[in-house]
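A.B. asks: how does the following fold in three dimensions:
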Amino acid sequence: MHRLGRRLLPFLRLLVTLFLANSSASEQPSIPKENLLVLTVATKEPDGFKRFMQTANHLNYTVKVLGAGQEWRGGNIPHSIGGGQKVRLLKEEMQNHADRDDLIILFTDSYDVLFASGPEELLTKFQQFNHKVVFAAEGLIWPDNRLADKYPIVRSGKRFLNSGGIIGYASSINSIVEKWQLQDNDDDQLFYTKIYVDPVKRVTLNITLDHKSNIFQNLNGAVDEVELKFEPTRVRTRNIIFDTLPVLIHGNKQTKHLLNYMGNYVPDAWTSETGCTVCDTDLLEFSSLSTFPSVTVGIFIERPTPFLPEFLERLFTINYPSEKLTFFIHNKEVYHEKHIHRFWEKHKGKLKVKFVGPEEILSEGDARNMGMDYCRQNPECDYYFNLDSDVVLTNPNTLKLLMQQNRRIIAPMLIQYKKLWSNFWGALSPEGFYARSEDYINIVERSRVGVWNVPYIAHVYLIKGEVLRTDLKEKNYFNMDRMDSDMSLCRNLREKGVFMYVSNLHEFGRLLPTEGYNASRLHSDLWEIFDNPLDWREKYIHPKYSEIFTGGVVEEPCPDVFWFPIFSETTCDELVEEVENYGEWSGGKSEDKRLVGGYENVPTDDIHMTQVGLDQVWLHFIREYIGPVALKLFSGYHTKGFAMLNFVVKYTPERQAYLKPHHDSSTFTINIALNNKGTDYQGGGCKFHRYNCAVESPRKGWSFIHPGRLTHLHEGLATTNGTRYIAVSFVDP
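C.D. replies: Purely as a prediction, here's the structure:
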């Protein structure tokens, strides 16, 4: 016989023997799940490990953790080679099972792995391989691409070995790992690869790879190959290339954010029928606490922000024991110093506050680092609650609700009014920037409600103090090159394996757009009717405005002259201050260059809204708030909401005390009192001649509305003392 033939003969006999053994194995009965032992290495218990154990326990796996409490000496995975410590620990454990031909060992990573299905399916799929040991497979070779040519050719499926998942008979796995003679920081995958690419060892040990992700799905290099398969009571990850439903999902390398996304659903964390199944687990029970946790609230005013006085006042609406709250407030904007000062003068002594002002010239990142360290350095600080000034928390229980979820970092979901802009990202682009996840709109619109693991949160979030003193014990997490502070923090958290959650279980509030805010004005919030309409209404519209439409508040002091509440006290004061700050009153002269014809028949001492830049705001106010009132009071009339003349009038005995009888060039007129009779002025009012009827006691913030050009000849009664201000519009001229 030829010398080569004699050399190959034993090898061919071995192949035949293995083939017959595998054929008979396929006819054997199913492996009982009691014969399965899951082994994993975890020297610490980060969030990823807790998720792994949660899915394992939920699906009734028996897991033994190796290396618990030991120092990790296996290198900086995944950024470099390493992982040898895992092989050493497995080798030591397998000595206890070396002779067990009936025991199936699943050895898997845990920090970036989750179970998608139970032991029965896992064992059935393993038996179908008809091999003693099955390794996970992937399409990218690591760590030595020079070994690529030594791999067997694969016509369909993933070609290269991944050591993050191994399943096999205990005796066979022991035969592999007993060969380990290397160091803890040597590479585990390279060790297994060299065994697999050796054709004799591969056949002798009866090893194969899970080429088509029947058991193991590695996401690295396969992001576009997987999708979620939703069923009424469970969710699976489906490989759309091979049409398989893997049992374990491994977010190796740079795919951990995708694994986190899948973990929001797989195996049944959220389903269409059950909703969120993990939102009520491991909750913090306040009733079991002897005292409420201490919270440091970090408040950051990093740019000009609308409605800041209201933001500061809302701090007192937080439903939490005030003695347990400490505030760190950083204000970068000189414009807002007046608001901070007024707030402090009003509430001095009620709050424990550390102020850091614009004179410190801190960058946003440095300020946020300082606020976080303010909690970190205090061993009694149980939580750090970051609250940016563009956050409107309308739910007073927000802090308690977040705390109750018992997550290490969690944010309440907030969006800008009637927009999809929120304080979280559902996914990341390959460059690490924003990408929209498939479920982003569902979460934002709350058609899916739960607690979601996301790659980015901002504006408002709660962090456990212990996290700051362990995982985040350094002092700089907000300053990274070419990143804003929140992106920097979130990247650091992702790299440390700290999960960030956002909750949309409740309505918490909203975010304020700040990009177009012009802080050069005296009262810039007056201009926010377009960008922040809800906050504008809350601040500037009379609290009884809605009662106009439910009855009981509208009065009719004269025929077809209606009187109703429209402006808050704040609106009246700020509008007066704004026009007085402008200061160029017309003087009540007939010659008026502001008008197209240059002449006014019945002049008043006034300032037009166009002069102070409020004309578009005012017209929108008429359409949004006066139009519905006009339709109710003058049934069937739909106003165009257009007015060419909108102005603030000032009456004083010295300049102009009254206004002679006249008709208005309008379909209807509104006349809003901006200050108080008896306090700010004496006299004043309006007389309607046709009906010999006068309204002599106008109320601040209330408006008259009456027909303009035909039936309601009227005059302004004399102001005898002080200064009277009114805002007037001739609507639909």
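
A.B. asks: what is the burial count for residue 145?
C.D. replies: Neighbourhood size, residue 145 [other CB atoms under 10 Å]: 10. Any C-beta I mention is one placed from the backbone N, CA and C, and that applies to glycine too.

A.B. asks: next one: it from residue 160, what distance?
C.D. replies: Distance of residue 145 to residue 160, computed by CB to CB, to the nearest Å: 9 Å.

A.B. asks: doesn't residue 192 fall inside a helix?
C.D. replies: Yes - under DSSP: H, G, I helix; E, B strand; the rest coil, residue 192 falls within a helix.

A.B. asks: as a check, name the ranges of all strands in the stretch 501-650 of the chain.
C.D. replies: For the stretch 501-650 of the chain, the strands defined by DSSP state E, counting those that start in this stretch occupy 509-511, 555-558, 561-565, 606-608, 643-651.

A.B. asks: redo those strands as CSV? Include distance to residue 306 and mean neighbour count.
C.D. replies: Converted to CSV, the strands of the stretch 501-650 of the chain look like this (distance: least, CB to CB, whole Å; neighbours: other CB atoms under 10 Å):
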stretch, distance to residue 306, mean neighbour count
strand 509-511, 11, 20
strand 555-558, 33, 16
strand 561-565, 24, 20
strand 606-608, 23, 23
strand 643-651, 22, 22
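
A.B. asks: just put those strands in TSV and tack on mean pLDDT and distance to residue 717.
C.D. replies: Shown next, in TSV, are those (pLDDT from 0 to 100; distance: least, CB to CB, whole Å):
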stretch	mean pLDDT	distance to residue 717
strand 509-511	98	44
strand 555-558	95	13
strand 561-565	97	14
strand 606-608	97	17
strand 643-651	96	9
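
A.B. asks: and those as TSV, adding distance to residue 237?
C.D. replies: Formatted as TSV, those follow (distance: least, CB to CB, whole Å):
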stretch	distance to residue 237
strand 509-511	33
strand 555-558	66
strand 561-565	58
strand 606-608	64
strand 643-651	60
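
A.B. asks: among those strands, which comes closest to residue 597?
C.D. replies: Of all the strands of the stretch 501-650 of the chain, it is strand 643-651 that lies closest to residue 597, at 12.0 Å by CB to CB.

A.B. asks: adjacent strands (with direction) for that closest one?
C.D. replies: strand 606-608 (antiparallel), strand 724-731 (antiparallel) (DSSP bridges).

A.B. asks: next up, the contacts around residue 325.
C.D. replies: Contact analysis of residue 325 by CB atoms under 8 Å, 6 or more residues apart in numbering lists 295, 297, 318, 351-352.

A.B. asks: can you select the buried ones from the residues you listed in ChimeraX?
C.D. replies: Filtering these down to the buried ones (16 or more other CB atoms under 10 Å) takes a single ChimeraX command:
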select :295,297,318,351
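
A.B. asks: quick one: which of the contacts of residue 325 is nearest residue 36?
C.D. replies: Taking the contacts of residue 325 together and measuring to residue 36 by CB to CB, the closest member is residue 295, at 45.0 Å.

A.B. asks: hang on, that closest one packs against residue 400?
C.D. replies: No - counting by CB atoms under 8 Å, residue 295 does not reach residue 400; the two are 10.3 Å apart.

A.B. asks: which neighbours do the two have in common?
C.D. replies: Common contacts of residue 295 and residue 400, defined by CB under 8 Å, 6+ apart, comprise residue 320.

A.B. asks: which residues in the stretch 201-350 of the chain form strands?
C.D. replies: Using DSSP E, counting those that start in this stretch, the strands of the stretch 201-350 of the chain run over residues 207-210, 216-218, 226-230, 235-239, 248-250, 270-271, 275-276, 295-301, 325-331.

A.B. asks: go on, the stretch 1-150 of the chain?
C.D. replies: Counting by DSSP E, counting those that start in this stretch, the stretch 1-150 of the chain has strands at residues 36-41, 63-66, 104-108, 113-115, 133-138.

A.B. asks: mean neighbour count, mean pLDDT and distance to residue 471 added to the ones you listed, as TSV?
C.D. replies: Shown next, in TSV, are the strands of the stretch 1-150 of the chain (neighbours: other CB atoms under 10 Å; pLDDT from 0 to 100; distance: least, CB to CB, whole Å):
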stretch	mean neighbour count	mean pLDDT	distance to residue 471
strand 36-41	22	98	19
strand 63-66	16	98	20
strand 104-108	24	98	24
strand 113-115	26	98	20
strand 133-138	26	98	28
